[in-house]
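J.: got a predicted structure plus its sequence, pasted below:
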Amino acid sequence: MILRRVLKVGIAGLVMGLAFGVSVGAAATGKLVTSRESGWPQFRGPRRDAVSTETGLLDAWPEGGPKLLWKTDGLGRGWCSPIVTGGTLHICGDVGNVLRIFAFDLEGNSKWNVDNGKAWKRSFPGSRAACCYSEGMIYQMNGHGRVVCLDAKTGKERWVVDIMERFKAQVPTFGMSECLLVDGENLIVTPVGKKALIAALNKKTGETVWKCETSPEDTETAGYASPILFTLGGRRMIAGNTSYRTFAIDAETGKMLWSVVLPITKTACSTIPVLCGNSLFITDTSVKEQASSLLNMDPKGDTARKAWTLPLRTTSGSSLHVEGDLYIAGERELKGFLCLDPETGKIKAKADKPINASAVWADGKLFVLSADGMAMLLRRDGKRFETLGSFSIGKAVKKDAWAHPVLLKGRLYLRYHDTLFCYDVKGN
């Protein structure tokens with residue numbers, strides 16, 4: 001029944017895509033903008049796509065997993081992943097009544113730690129957004145919308161802005177969760193308020209540079225996903241989500257280019273948009289049949305239309321677009337780890353596990369962390385996935401290991417609330 005529905009949706013999506021005059025493989029395709037910084041300077045890496053160019057990694061893991069180099073405790077509760085750049089690792093967690101930002105060297109030794117306002121103690125207590133690094137500064141937003149800029153070497157506060165107050169916005173049910181984005185001299189924030197749906201702050205001062213004043217719907221609030229930066233048709237664009245729609249703006253001016261209402265996002269869209277050529281793949285936590293959608297943009301990025309939908313739900317594990325394919329761990333109707341054809345939504349490969357997981361692609365393999373705390377090394381083999389090793393990061397995991405994996409210089413970083421683990425995954 002499900003496969004028949006998927007096939008039907010896929011064919012319909014292909015017809016719609018052809019009618020619109022664009023496709024995922026079209027010549028005028030989008031390209032993610034790479035951070036100017038080295039290492040893993042922001043959420044999901046240099047391009048926010050969780051795709052690493054590293055090679056020479058282990059082809060398989062030994063029983064019990066790769067070698068544990070070190071681990072550090074005391075991070076508090078939270079789901080933000082680490083960032084690693086310039087020989088320093090930055091991560092944050094809710095410790096007691098405050099959100100705390102930590103700096104460690106690459107052996108897990110503490111350099112400094114400072115607070116960024118109050119901890120999030122409402123629905124799903126814990127820290128949300130990862131840090132972002134740019135030109136010697138660290139940027140982070142807590143669950144209440146307090147944005148801070150810190151000196152990366154010392155932790156000294158340079159400036160702080162309450163974006164909910166500045167732009168007259170309402171904190172959403174599950175707290176502000178946006179991993180901040182740096183674009184040149186600008187820091188991008190998405191308050192979804194009466195005075196700005198999305199805005200650019202001067203990253204050195206916190207002053208407002210531009211704002212998109214598109215009026216939100218009465219019940220529209222910030223979503224739980226993070227924006228992406230890409231070029232299409234000779235223009236820099238930012239795409240993001242609110243609780244009501246997916247949208248794209250001109251990154252230079254903040255002008256709204258298009259927005260597509262997706263009823264699925266009235267629940268909670270917690271996964272980042274994924275660029276597939278001139279299309280965006282949007283996934284959601286909805287239990288409805290339209291839990292995931294592909295949006296086709298025209299070659300200049302001025303408009304977008306829904307191409308196909310799938311009953312594919314995921315809570316925390318964003319998808320990856322690699323070598324023309326989409327990879328994602330689904331829940332409910334389409335359950336398991338999937339490889340999708342972005343042109344049609346058709347399933348190309350499937351594994352029963354993991355369910356609800358996040359991943360990093362490197363060296364032709366997928367480094368996966370499932371919500372139940374199981375780490376897996378997967379490789380696609382035709383219509384199936386081969387498991388090249390697996391291990392559990394802890395017996396006390398309560399199906400909420402939602403922090404995304406980080407892979408840099410042969411080291412795999414996995415976080416579960418209070419603890420950060422560092423594993424050696426370099427090959428011989």
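T.: Arrived safely, thanks for sending.

J.: tell me the domain ranges of this protein?
T.: Structural domains annotated on the chain: 40-77+350-401+403-428, 82-224, as defined by automatic domain parsing.

J.: do you know which of these lies nearest P273?
T.: Minimum separation from P273 across these (C-beta to C-beta) falls at domain 40-77+350-401+403-428, 9.3 Å. Just so you know, the C-beta spots here come from the backbone N, C-alpha and C atoms, and that holds for glycine as well.

J.: and the closest one, how far from the chain's centre?
T.: Relative to its chain's centre, domain 40-77+350-401+403-428 lies at 15 Å (C-alpha atoms, centre = their mean, to the nearest Å).

J.: ends of that domain, how far apart?
T.: Length of domain 40-77+350-401+403-428, first residue to last, C-alpha to C-alpha, to the nearest Å: 23 Å.

J.: nearest residue to E54 other than its sequence neighbours?
T.: Nearest non-adjacent residue to E54, counting by C-beta to C-beta, 6 or more residues apart in numbering: A362, 4.9 Å away.

J.: swap that for W159, please
T.: Using C-beta to C-beta, 6+ apart, the closest residue to W159 is G206 (4.1 Å).

J.: tell me, what residue is most central in the chain?
T.: Centroid-nearest residue in the chain, with C-alpha atoms, centre = their mean: I272, separated by 4.3 Å.

J.: give me the neighbour count for the closest residue to N186 other than its chain neighbours.
T.: Take N186 and drop its neighbours on the chain: the residue closest to it by C-beta to C-beta, 6+ apart is A200, 4.0 Å away. A200 has 26 neighbours, counted by other C-beta atoms under 10 Å.

J.: against I249, how distant is A200?
T.: Relative to I249, A200 is positioned 10 Å away (C-beta to C-beta, to the nearest Å).

J.: and for C179?
T.: 18 Å.

J.: low-confidence regions, this structure specifically.
T.: For the chain, residues meeting the criterion pLDDT under 70 lie at 1-28, 263-268, 285-290.

J.: rerun at 50
T.: 1-27, 264-265 (pLDDT under 50).

J.: so L377 touches V368, yeah?
T.: Yes. If you go by C-beta atoms under 8 Å, L377 and V368 touch, sitting 7.4 Å apart.

J.: figure out which of the domains of the chain is closest to R235.
T.: Of all those, domain 82-224 sits nearest to R235, with 12.8 Å by C-beta to C-beta.

J.: ok now the closest one, how far from the chain's centre?
T.: Here domain 82-224 shows a centroid-to-chain-centroid distance of 14 Å under the convention C-alpha atoms, centre = their mean.

J.: ok, now stretch 272-289?
T.: That offset, for stretch 272-289, works out to 12 Å (C-alpha atoms, centre = their mean).

J.: which residues does the residue nearest to the centre of the chain contact?
T.: With contact taken as C-beta atoms under 8 Å, 6 or more residues apart in numbering, I272 is in contact with 43-44, 48, 225-228, 318.
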